[in-house]
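>>> any chance you can model this:
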Amino acid sequence: MKLHICDNKSSAEKACAEIFIKHLQSNPKANLGLATGGTPVIVYNFLVKAFHFSQISFRHIKTFNLDEYLGIHALHAQSYRSFMKKHLFDHVDILPLNCFFPCEEINYDEAIKLNGGIDIQLLGLGTNGHIAFNEPGSSFDSSTRKVKLSDQTLRDNKRFFQAGEFQPDTAISMGIKSIINAKEIIMLVTGEHKAKALQQLIEGNITEKFPASILQAHSNITIVADLNAASLLSETAELIGC
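Just a heads-up that it's a prediction; the model follows:
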């Protein structure tokens, strides 16, 4: 596990984006695993800028999103399809047929396998240790499936919905085994509210009660964090400067 601690949120986001830009430059036909939510927005902004400066192209890229809500239409403003279109897809040269999302109608894991697997997976970290929508108690051997969202996750995501608006409590999520199968994983963690979760991820035991802990066993994972998120780590963690 590689840990990059940056001095602030902005530098952490930029450092994470630079990893993806370098990967796309070296592998212009990569399969990307993508995340949604508040964490990756600025990362996607950097990727869009890199595209407009002709540093990267998405023409031959395929993307596989981690999850999607159930109970709202794909065109709903809070669907993850809409999120990806708003923050990335509508601003680059990616082909719509190369953008994949989990749904109940297809075998998502088989689709990933048939396309050669995920080359680089972007992850965020839930305050309760969830990755994608794999809540505490999820099996490390889980595949893509329908999941019930925890009360903590619903509270964390409530800010994305208008007051009184329907908020889905179920989703389709890539499983933990599916995530771990990615050849490379990049996790971005920022903010003091993620400090306890990051500490448990890095320094705690591997347990299904804290799904992200399985990442300790991945052979090629880089965690990019800011000082606030890293504030509870042991003194052996060092600031590398981003």
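>>> run a quick neighbour tally on Leu201.
Neighbour count for Leu201, taken as other Cβ atoms under 10 Å: 25. Where you see a C-beta, it was placed from the backbone N, CA and C, and this is true even at glycine.
>>> ok, it - contacts?
Leu125, Gly129, Phe210, Ala212, Ser213, Leu215, Gln216, Ile223 (Cβ atoms under 8 Å, 6 or more residues apart in numbering).
>>> likewise Lys62?
Lys62 touches Ala30, Asn31, Leu32, Asn98, Cys99, Phe100, Asn115, counting by Cβ under 8 Å, 6+ apart.
>>> tell me the spacing between the second one and Asp109.
Relative to Asp109, Asn31 is positioned 13 Å away (Cβ to Cβ, to the nearest Å).
>>> so the two - more neighbours on which side?
Taking neighbours as other Cβ under 10 Å, Asn31 and Asp109 compare with Asn31 leading, 21 against 18.
>>> and that one, backbone torsions?
phi -100, psi 120 (degrees, to the nearest 10).
>>> report the beta-bridge partners for it.
With DSSP bridges applied, the residues forming beta bridges to Asn31 are Lys62.
>>> you'd agree it is up against Lys113?
No: in this structure, Asn31 is not within contact of Lys113 by Cβ atoms under 8 Å, at 10.7 Å.
>>> ok, and the closest non-adjacent residue to the residue positioned nearest the centre of the chain?
Residue closest to the average C-alpha location in the chain (Cα atoms, centre = their mean): Leu123, at 2.6 Å. Once flanking residues are discounted, Leu123 sits nearest to Met187: 4.4 Å by Cβ to Cβ, 6 or more residues apart in numbering.
>>> quick check, that neighbour in a strand?
Yes: Met187 sits within a strand when classified using DSSP: H, G, I helix; E, B strand; the rest coil.
>>> so which of the contacts of Lys62 would you say is closest to Ala15?
Distance to Ala15 across the contacts of Lys62 (Cβ to Cβ) is lowest for Leu32, with 17.4 Å.
>>> quick check: that closest one vs Arg145, distance?
For Leu32, the distance to Arg145 - Cβ to Cβ - is 22 Å.
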